[in-house]
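Asks: Okay, sequence plus prediction incoming.
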Amino acid sequence: MMSRKLKCTLGLITILAASMTLLTGTSFAQSIGCLPGLPCSSDGNSSGGNASSNWPGQWTHDSFSGSTGSRDYYLYTPKNTHGQAALPLLVMLHGCSEDAQSFAAQTGMNDIAEQFGFVVVYPEQTSQYNMMRCWNWFQPDSQARDSGELAIVVGIIQKVESATPIDGNRIYAAGISAGGGLVSNLLACYSDVFSGGGVASGLDYEAATSQMDAFTVMSSGPSNQDIPTTAQDAIRCTGRPAHPVAVLSIHGSSDPFVSPVNQDKVVEQFTAINDLLDDGQANNSQNMNVISSNSGQVPNGGYAYTVSTYGGNGTTHIGKITVSGMGHAWSGAKESGQFADPKGPNYSLMLWQFLSQFAVGRSN
């Protein structure tokens, strides 16, 4: 029979291993070597099926190749366009160990797209570029315009636009975990392209610039980050006239992998970015004063949650959803999964209802 001490030791190893692989793609075994009796392989397919047969629209697979790399992607075009000549576009970035098809099935975003009439594109990370299929949000080349994975995602958008009528003033991005971190980078460096985005259990722009930094940030938030400085960095990264971006962040209060303090940083940072974008000055025209705060409860044993909004000058650009008791997961998922929890509020629906109010888009 396994002793209590050994059980505790193995439990600690499991938690540490999960924390190191999540969001960065560096395995525990890589760092300390294989332990006797424990597997070293990080291979494996993510859970979640292909529910494309249940979607009335078109579900297609394609690939993009550009100067900074290539990625496959899946595209959902709704059958019901609701009379729109050009459709909004939402980019969805999965988390570590996930793939595009499981992410689409779990989030139910294609059903929302059919209901409201918008196109959804799911870029897909592979183990070729990150062992755990994490988006490399912490790498400096993916925190710069026309560089790294940001350039790849924007290249995918441009390819979709070349074949599908897309409303360039209504382009959005959302992601979970490492995907959420990359969404923050996209909004910071392409605020002239994106009208807004959703960050689920993610991190803010320039939260970390190396894998070692990422471990610290995940557990306790950025320790030496100056929000006004990173806001200025974001403005320089976009490098051209732009409009404030809308952000709806969601985080579980019991997230064991990414500390909820990171959600606070996302909200603070994009409020500071919008403060600069709305009139060119850091003058608290957009600020952290709460405009509204409401509570809710998912029925039948679901989680309680609060929704707070922030902005200024009569506008609301930032929303923050905190889900009490939820872990590291996409809230209100259609299917259960490693990082998908049906017991939370329907983030997919709430996200679209929030983002679709904003259509400031491109300035060119």
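Replies: Structure's in. What do you need?

Asks: show me what contacts residue 125?
Replies: Taking CB atoms under 8 Å, 6 or more residues apart in numbering, we find residue 125 in contact with 71, 94, 133, 134, 135. The way it works is simple: take the backbone N, C-alpha and C, and place the C-beta from them, glycine included.

Asks: Helices along the chain, start to end?
Replies: Using DSSP state H, the helices of the chain run over residues 4-21, 28-32, 100-107, 109-116, 148-163, 178-189, 211-220, 227-238, 261-279, 347-355.

Asks: can I get the ones you listed in TSV with mean neighbour count, mean pLDDT and distance to residue 55?
Replies: Shown next, in TSV, are the helices of the chain (neighbours: other CB atoms under 10 Å; pLDDT from 0 to 100; distance: least, CB to CB, whole Å):
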stretch	mean neighbour count	mean pLDDT	distance to residue 55
helix 4-21	13	41	31
helix 28-32	15	34	38
helix 100-107	25	96	9
helix 109-116	21	98	5
helix 148-163	20	98	17
helix 178-189	30	98	21
helix 211-220	18	90	34
helix 227-238	18	97	34
helix 261-279	23	96	31
helix 347-355	22	98	14
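
Asks: closest to residue 311 out of these?
Replies: Nearest to residue 311 among these is helix 261-279; the distance by CB to CB comes to 7.7 Å.

Asks: can you give me the angle that closest one makes with helix 211-220?
Replies: 100 degrees (axes from the mean of the first three to the mean of the last three CA atoms, to 10 degrees).

Asks: if we can go back for a sec, now for the contacts of residue 125: which two are most distant?
Replies: Spatial extent of the contacts of residue 125 (CB to CB) is set by the pair 71 and 134 at 13.3 Å.

Asks: Among these two, which residue is more densely surrounded?
Replies: With neighbours defined as other CB atoms under 10 Å, residue 71 and residue 134 compare such that residue 134 has more, 28 against 21.

Asks: can I assume the more buried one is in contact with residue 175?
Replies: No - contact criterion CB atoms under 8 Å: residue 134 and residue 175 do not qualify, at 11.0 Å.

Asks: Low-confidence stretches in the stretch 51-200 of the chain?
Replies: For the stretch 51-200 of the chain, the stretches flagged by pLDDT under 70 are 51-53.

Asks: for it, what spans make up the strands?
Replies: 58-66, 69-77, 87-93, 119-124, 166-176, 196-200 (DSSP state E, counting those that start in this stretch).

Asks: now, of the ones you listed, which is deepest in the fold?
Replies: Among these, strand 196-200 has the highest mean neighbour count (mean count of other CB atoms under 10 Å), at a mean of 30.

Asks: What strands flank that strand, and is each parallel or antiparallel?
Replies: Paired strands of strand 196-200, with direction, are strand 166-176 (parallel), strand 246-252 (parallel) (DSSP bridges).
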